[in-house]
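1. Need the 3D shape of this:
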Amino acid sequence: MVGIGIIGKVGQVIMDLSGINDIMTPMNLEFLIETAHAASREILAVYEGEIAVDLKDDRSPLTEADRRSNAVILERLKNEYPHIPVITEENAAASAEQRSTWSQCFLIDPLDGTKEFIKRNGEFTVNIALIENGVPVAGVVQRPTTGEVFAAADGQAFHQAPDGIETPLVGGTHY
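-> Numbering: from 1, shown residues only. The predicted model follows:
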C-alpha cells in the first residue's frame, strides 16, 4: 500500500498523511522549494542591475523583483494547486468574509525584506507557506543570495545548504 505524504528531497515522506481529513491536500515540499528557487532567480536578475523603486499605497517600497518573484510563484502554485487560494503581499487581498470560508490557502511573501534588497545587503528571503484551517502545515524560506533553504512540514524541519546537503533541524539553535 502506498501512503500519501509530504514528499521531501529524494522522495522521503516528511509527513504521513494517511487517513487525514479529505479537505487537506498532500503537499510536495520539493515543489515549494523549486518554486522558491525559481522566484529567487527572478529576484537575482533584478538585483544585478539597476533597482527602480515604486511606493505602494502604504508607502512601503515595491521593486520589479517583488513583481517578478510574485508572478513566478503565483503561476507555479496556480498550475500545480489551482483549487488552493493564494494570499500574497503584492496582490489585492480577498475580503475577510471570503477568506473565512477557506479551509486552506497559500500565504506568500515573494520578497521579504524589500528595503534590504534595495540596500543590496543580501538580507532578504522568499517565503511560501501552506495554511490549513488557520495553521501553517508546510513552509519554505529561501535566501536568494546564498541559495540556502529552510523548510518544514508538520513539526519536522531541515536546512538545505546551497550544495543540496540537508540537515534536520531538531530543537535548539541552528545558526
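2. buried set for stretch 140-156?
-> For stretch 140-156, the neighbour count (16 or more other Cβ atoms under 10 Å) marks 140-145, 149-153 as buried. In short, each C-beta sits where N, CA and C put it, glycine included.
3. roughly how far is the longest helix seen in the chain from the heart of the chain?
-> In the chain, taking DSSP state H as the definition, the longest helix is helix 29-47. Remark: helix 29-47 is offset 9 Å from the chain centroid, using Cα atoms, centre = their mean, to the nearest Å.
4. mean confidence score for it?
-> Mean per-residue pLDDT for helix 29-47: 96.
5. Which neighbouring elements make contact with that helix?
-> Secondary-structure packing of helix 29-47 (3 or more Cβ pairs under 8 Å, 6 or more residues apart in numbering; DSSP states H and E): strand 5-7, helix 64-80, strand 125-132, strand 135-142, strand 149-153.
6. Looking at the buried residues of stretch 140-156, which is nearest residue 59?
-> Nearest to residue 59 among those, counting by Cβ to Cβ, is residue 144 at 24.5 Å.
7. and residue 144, helix, strand or coil?
-> Look at residue 144: counting by DSSP: H, G, I helix; E, B strand; the rest coil, its state is coil.
8. Local confidence estimate at it?
-> Looking at residue 144, its pLDDT stands at 98.
9. residues in contact with it?
-> The contact partners of residue 144, taken as Cβ atoms under 8 Å, 6 or more residues apart in numbering, are 39-40, 43-44, 47, 124-126.
10. how about a cut-off of 10 Å?
-> Counting by Cβ atoms under 10 Å, 6 or more residues apart in numbering, residue 144 touches 36-37, 39-44, 47, 65, 69, 111, 117, 122, 124-126.
11. Put the buried members of those into a ChimeraX selection.
-> Buried subset of the contacts of residue 144, written as a ChimeraX selection, criterion 16+ other Cβ under 10 Å:
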select :36,37,39,40,42,43,47,65,69,111,117,124,125,126
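12. I'd like to know how far the most centrally placed residue in the chain sits from residue 139.
-> Nearest to the mean C-alpha position of the chain, by Cα atoms, centre = their mean, lies residue 128 at 1.6 Å. According to Cβ to Cβ, to the nearest Å, residue 128 and residue 139 sit 7 Å apart.
13. can you list residues touching both of those two?
-> Residues touching both residue 128 and residue 139 (Cβ under 10 Å, 6+ apart): 32, 106-108, 151.
14. Buried subset of these, written for ChimeraX?
-> Listed next is the ChimeraX selection for buried residues among the shared contacts of residue 128 and residue 139, using 16+ other Cβ under 10 Å:
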select :32,106,107,108,151
